[in-house]
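**Q** missing the sequence, but the structure's below:
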């Protein structure tokens with residue numbers, strides 16, 4: 001698989017990072033009027049790009065961004081998690097592999113035996129650190145020197161928060177909710193590549209991800225029967 005990925009993973013990662021950054025810079029200067037429907041559409045676009053940042057970091061955890069260059073792979077993963085929410089890549093990496101090794105058990109940091117909201121808050125708490133909040137607070141106070149606070153809340157803070165719901169619902173809750181008979185303890189979204197991409201970069205095909213974790217998100221659709 002690493003031979004066939006080559007440098008494509010780096011290209012995909014840099015494209016997503018560039019789209020996120022350009023979109024953010026443009027939207028932070030956008031004149032916001034609450035009656036303008038484009039405001040809400042742009043929030044959704046930016047949310048999807050934030051989700052893409054995390055999915056790219058997830059690929060880095062499986063060493064599929066730059067498989068032949070471990071340091072670059074790690075650096076891109078760290079850059080994505082920092083841009084996402086000042087998250088430490090090494091901590092996410094460690095916990096994500098625990099999820100794959102102990103899926104649907106007490107040792108699985110992503111699993112919770114409960115309903116949606118308690119599970120979601122446990123999921124967020126698992127990955128939230130005080131240092132993240134400090135760094136984000138510093139960033140916010142610096143950025144508001146140049147950009148309107150309203151834009152920062154709408155296009156920087158809100159999309160990141162909405163993205164956690166998108167990632168949790170399609171990438172954790174739906175696939176792992178309830179009991180399963182397969183070894184990966186997960187279900188899979190019905191085959192519809194457009195909806196699968198829009199919902200969570202194909203990670204609704206979650207059984208397929210557990211079966212082939214070295215497949216990057218942009219090839220995951222190929223594993224769906």
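**A** Yep, it's here. Values in this document were obtained by computation on a predicted structure and should not be read as measured data.

**Q** Check whether residue 190 sits in a helix, strand or coil.
**A** Classification of residue 190 by DSSP: H, G, I helix; E, B strand; the rest coil places it in coil.

**Q** What's the local residue count around it?
**A** By other C-beta atoms under 10 Å, 10 other residues sit near residue 190. C-beta coordinates here come from the backbone N, C-alpha and C atoms, glycine included.

**Q** One more: residue 33?
**A** Burial measure for residue 33: 8 neighbouring residues, criterion other C-beta under 10 Å.

**Q** Quick check: it touching residue 39?
**A** Yes: using C-beta atoms under 8 Å, residue 33 is in contact with residue 39, at 7.1 Å.

**Q** Looking at the chain, which helix is longest?
**A** helix 37-61 (DSSP state H).

**Q** After it, which helix or strand is next?
**A** The helix or strand immediately downstream of helix 37-61 is helix 70-85, counting by DSSP states H and E.

**Q** Just the residues contacting that following helix, thanks.
**A** Helix 70-85 is contacted from outside by 10, 13-14, 17, 20-21, 50, 53-54, 56-57, 59-61, 63, 65-67, 87-89, 92-93, 132, 136, 160, 163, using C-beta atoms under 8 Å, 6 or more residues apart in numbering.

**Q** of the residues you listed, buried ones?
**A** Using 16 or more other C-beta atoms under 10 Å as the burial test, the contacts of helix 70-85 include 10, 13, 17, 20, 50, 53-54, 56-57, 59-61, 63, 65-67, 87, 89, 92-93, 132, 160, 163 as buried.

**Q** Next one: the residue nearest to residue 50 when sequence neighbours are not counted from residue 67, what distance?
**A** In this structure, residue 50 finds its nearest non-sequential neighbour in residue 163, 3.9 Å apart by C-beta to C-beta, 6 or more residues apart in numbering. As judged by C-beta to C-beta, to the nearest Å, residue 163 and residue 67 stand 26 Å apart.
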